[in-house]
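Asks: Generate a structure from the sequence data that follows.
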Amino acid sequence: MFGSTIARGEAAQRSPTAQPAAVPPAPPAPSRRSVWRWLRTAAPSIGIVGALAGIAVWGHVNDWTLPTISWLTGNTATEGDRWCNEHNVPEAACIECKPDLLPPARDYGWCKEHGVAQCPFEHPDVAQLKAVPSIPSEALERAQHALTLKPRPENNSHCKLHRRRVQVASTAAAEKAGLDIAVVQERRIIEAVTANGEVVYNQNRMAHLSSRVAGTVWRVEKQVGDRVRKGDVLAIIDAADVGRAKSEFLQAIAQLRLEKARVERLRPLAGDGGVPGKFLSEAETAYEQARIRVESTQQSLINLELVVRAEDHVDDDTDEIARQIRLLGLPAEMASDLDPNATTSNLFPLRTSLDGVVIERHIVEGEVVDTSQVLFHVADPSRMWLTLNVRQDEIQYLSLGQTVLFTPSDGNDEAELQGKISWISTSADEQTRTVEVRVDLSNRDGRLRANTFGTGRIVLRDEPKAMVVPSEAVHWDGTCNVVFVRDKDYLRPGAPKFFHVRSVRPGVKQGEATEIIAGLLPGEVVASKNSVVLEAQLLKSNLGAGCCEVPEPRR
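Replies: Just a heads-up that it's a prediction; the model follows:
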C-alpha cells in the first residue's frame, strides 16, 4: 500500500497539470543550547527586576519609612514600651517631651559683645562644670583682641539652637554609635598671614667689587667660597695709572723742596735790600703752588686707597721715598716676599669692603680689566633677606616690626626661623598683584641658602592660652556655629544622658584643632568624633516629626 501511494505522488509531480501543495513547512524545533544561551543573556535583567520588586514589597510593608538611628544602633523599644520617635529615647525618659524630668536651663539670650547665645563669659553658670567658674580678665581681653583683629565667622542672632538639648538613650548607645568626646583645652595658637617667599642675600651686607683703575690682573688672591675680612686683598692689578700717580707725587715733593729752599734763600736777602721784594713774592707764590701740587697728588693716591702723607717723608731723600711707595697698599707679608727694586710700582690691591664670603669671581690672571667690570661678589651670609609675596587683601593686617616665622622648603623639620618685617612695598606686582614684604633673618648657623624658597608666617596674634577643640566638634547649620556640650551630670547614675547645644565663635584653625574665641570654657566636655550623629538628631527634631509618637508596628 505504501508503494502505490508513493507511485501516485511521483505521477502527480510528473503531470504538467499538477498544482504545488499550499501547506508551509514546519519550523525547526529549538535546540537545548539556544534556550540556555537566552537564559544566560536575560539573567541580569531578571535579577534587577526581582530586586526592584523586593524593594517595592519592603516599602509597602514599612510604609516607605527609613530605619531610625535608634533602630540602627539597637536601641529600639522592647515590646510594650513606648518610644519617642522624634528624640530616639524611651518616652518615659525623654526630657524634651517631659520637661518636668529636667526643666530647661535659663535662657540668657544673645550676647552682643561676643556674638553668641548663652555666653559663658557673661553668664558663667551656663558652663557645664562641677562648680561655677570665675572668668579672669585676661580671658576677656584675649577674646576681645581676637574679635577685633580681623573678621570672624558670625552667628545669626535669631538662631535658637542653643535652646535645644540632644539626648541619647544610654552611654552604651552613644558608644555603639561611635560617639567620642574631647575636653576643651588651652594651648598655644598662632594666627598668621601665610605667604610664599624667597631667600636672598642681604643687599646691605653684599659688595660688588670693581677695580678703581684699568689694568691687567697680576695675581688673584681669593677664590669662590673663601671667607674674607674687611680690607683683605682679593686680587692685584697692574695699572699704569697707579705708577703715574706715584711718580707725580715724587715730582711734587721734589718741586716743593726746591721752592722751599728758594724762599729760604731769598727771604734774608730781601730783608737786607739785596734783592727786590718782587723776587721773594714770586718765590713764595711758587712755593705755595708746589705745596698745593703735593696735596693734589697725595689725594690722588688716597682716592686709590693708597694712603700716603708727605709730611712723613720730610727728612727722606727722593730715592728713599720712591722705595717706600713702590709697593704702597700691599700687605706687609706680601710686600716682604717681593723685591722692591725688581717689582713694578704699578701694583694696585683690590680689597674687600666687608666681612663675608666670596660668592662670585669673574677674573683670571693676565686678564685685562676696566673700572666698569665687576670682578668679585662678596656677601655676608650671617644675615639674609626673605622676600614674601603677600595678597593685597591681607596687607592691611601687616606693620613694620611684626614677627615672621619662616620654614624653608628643603624638607628639613627643624624649628622655624624667626625674623622681623623691615620693609613693606608701596606698590603691587603688575603680574601677580601681590605686595612684596621684606624680612631680616638671622643665619648664624648657615642653614639658609640664597635663592631658595619657603613659607613665611607673619604673626598677627600669638596666644599661649587659646581655647581649642577638635575641628570635627564644630558644626554649621546655616545660621550659627554650634558644638554639643556634655551635661555635667552625664556620668552620674540615673541622670539623663544629653548634650547641650552651644553657639560658639570659631577662630583660627590649625590642623585638626579649631580655636573657640567665645562660647566655651576650659574643662567643658564636647562631642567630637561622630558628633554628626547628634547633629542629625538635632536636624531631625527641627523638622517637627511629632513628639513621643509610637511608630506603627512593622508588618
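Asks: Export stretch 387-406 to PDB, keeping only CA atoms.
Replies: What follows is stretch 387-406, C-alpha atoms only, in PDB (Å, rounded to 0.1, in the frame of the first residue of the first chain):
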ATOM      1  CA  THR A 387      61.000  88.500  50.400                       C
ATOM      2  CA  LEU A 388      57.400  87.400  50.800                       C
ATOM      3  CA  ASN A 389      54.600  88.000  48.300                       C
ATOM      4  CA  VAL A 390      51.500  88.900  50.300                       C
ATOM      5  CA  ARG A 391      48.000  89.200  48.900                       C
ATOM      6  CA  GLN A 392      46.700  92.700  48.800                       C
ATOM      7  CA  ASP A 393      43.600  92.000  51.000                       C
ATOM      8  CA  GLU A 394      46.000  90.900  53.800                       C
ATOM      9  CA  ILE A 395      48.400  93.800  53.700                       C
ATOM     10  CA  GLN A 396      46.100  95.800  56.000                       C
ATOM     11  CA  TYR A 397      47.000  93.500  58.900                       C
ATOM     12  CA  LEU A 398      50.800  94.000  58.500                       C
ATOM     13  CA  SER A 399      53.100  96.500  60.000                       C
ATOM     14  CA  LEU A 400      56.800  97.100  60.400                       C
ATOM     15  CA  GLY A 401      58.500  95.100  63.200                       C
ATOM     16  CA  GLN A 402      56.000  92.200  63.100                       C
ATOM     17  CA  THR A 403      57.500  88.800  63.800                       C
ATOM     18  CA  VAL A 404      57.800  86.300  60.900                       C
ATOM     19  CA  LEU A 405      58.300  82.600  61.200                       C
ATOM     20  CA  PHE A 406      59.900  81.100  58.100                       C
END
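Asks: quick one: average confidence on that stretch?
Replies: Per-residue pLDDT values over stretch 387-406 give a mean of 96.
Asks: swap in stretch 160-177?
Replies: Averaging pLDDT along stretch 160-177 gives 91.
Asks: buried sites along that stretch?
Replies: Across stretch 160-177, burial judged by 16 or more other Cβ atoms under 10 Å covers 161-162, 164-169, 173-174, 177. All C-beta spots, glycine's among them, are computed from the backbone N, C-alpha and C.
Asks: Which ones among those residues map onto helices?
Replies: Using DSSP state H, the subset of these located in helices is 173-174.
Asks: want to throw the buried residues of stretch 160-177 into TSV with distance to Trp83?
Replies: Converted to TSV, those look like this (distance: Cβ to Cβ, whole Å):
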residue	distance to Trp83
Leu161	24
His162	27
Arg164	20
Arg165	18
Val166	16
Gln167	13
Val168	14
Ala169	9
Ala173	13
Ala174	17
Ala177	16
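Asks: The buried residues of stretch 160-177: which two are farthest apart?
Replies: Greatest spacing in these, by Cβ to Cβ: His162 and Ala173 (24.1 Å).
Asks: hmm, back to that, between the buried residues of stretch 160-177, which sits nearest Glu288?
Replies: Nearest member of the buried residues of stretch 160-177 to Glu288, counting by Cβ to Cβ, is His162, at 97.9 Å.
Asks: Quick one: residues contacting that closest one.
Replies: Residues near His162 by Cβ atoms under 8 Å, 6 or more residues apart in numbering: 107, 117-118, 482, 500-503.
Asks: so of those, which ones are in helices?
Replies: Using DSSP H, no member of the contacts of His162 falls within helices.
Asks: Please pick the buried ones from those.
Replies: The buried subset of those - by 16+ other Cβ under 10 Å - is 117-118, 482, 500-503.
Asks: quick one: low-confidence parts of the chain?
Replies: Low-confidence segments of the chain, defined by pLDDT under 70: 1-40, 43, 56-81, 411-414, 542-555.
Asks: Could you list the buried residues of the longest strand along the chain?
Replies: Ranked by number of residues, the top strand in the chain under DSSP state E is strand 452-470. The neighbour-count criterion (16+ other Cβ under 10 Å) identifies 454, 456-458, 460-461, 463, 466-470 as the buried residues of strand 452-470.
Asks: That one pairs with which strands, and in what direction?
Replies: strand 185-201 (antiparallel), strand 403-408 (antiparallel), strand 513-518 (antiparallel) (DSSP bridges).
Asks: and among those strands, the most buried is which?
Replies: strand 513-518 (a mean of 24; mean count of other Cβ atoms under 10 Å).
Asks: tell me what whichever helix or strand comes after that one is packed against?
Replies: Proceeding N to C from strand 513-518, the next assigned helix or strand is strand 525-527, under DSSP states H and E. Packing contacts for strand 525-527, counted by 3 or more Cβ pairs under 8 Å, 6 or more residues apart in numbering; DSSP states H and E, involve strand 181-183, strand 481-486.
Asks: How is this structure divided into domains?
Replies: 90-202+381-543, 205-378 (automatic domain parsing).
Asks: And the shortest one, how far out from the chain middle?
Replies: Shown here is domain 205-378, whose average C-alpha point lies 54 Å from the average C-alpha point of the whole chain (Cα atoms, centre = their mean, to the nearest Å).
Asks: what's the span of it from first residue to last?
Replies: 8 Å (Cα to Cα, to the nearest Å).
Asks: ok, the closest residue to Val275 other than its chain neighbours to Leu258 distance?
Replies: Spatial nearest neighbour of Val275, chain neighbours left out: Leu269 (4.6 Å); criterion: Cβ to Cβ, 6 or more residues apart in numbering. Separation of Leu269 from Leu258 (Cβ to Cβ, to the nearest Å) stands at 17 Å.
Asks: Likewise for Asn481?
Replies: Asn481 is 97 Å from Leu258, by Cβ to Cβ.
Asks: If you count surrounding residues, which of these two has more?
Replies: Asn481 (24 against 13; other Cβ atoms under 10 Å).
Asks: dump the residue contacts of that one.
Replies: Contacts of Asn481 (Cβ under 8 Å, 6+ apart): 153, 155, 474-475, 503-506.
Asks: can you pick the most crowded of those residues?
Replies: Going by other Cβ under 10 Å, Val504 tops those with 30 neighbours.
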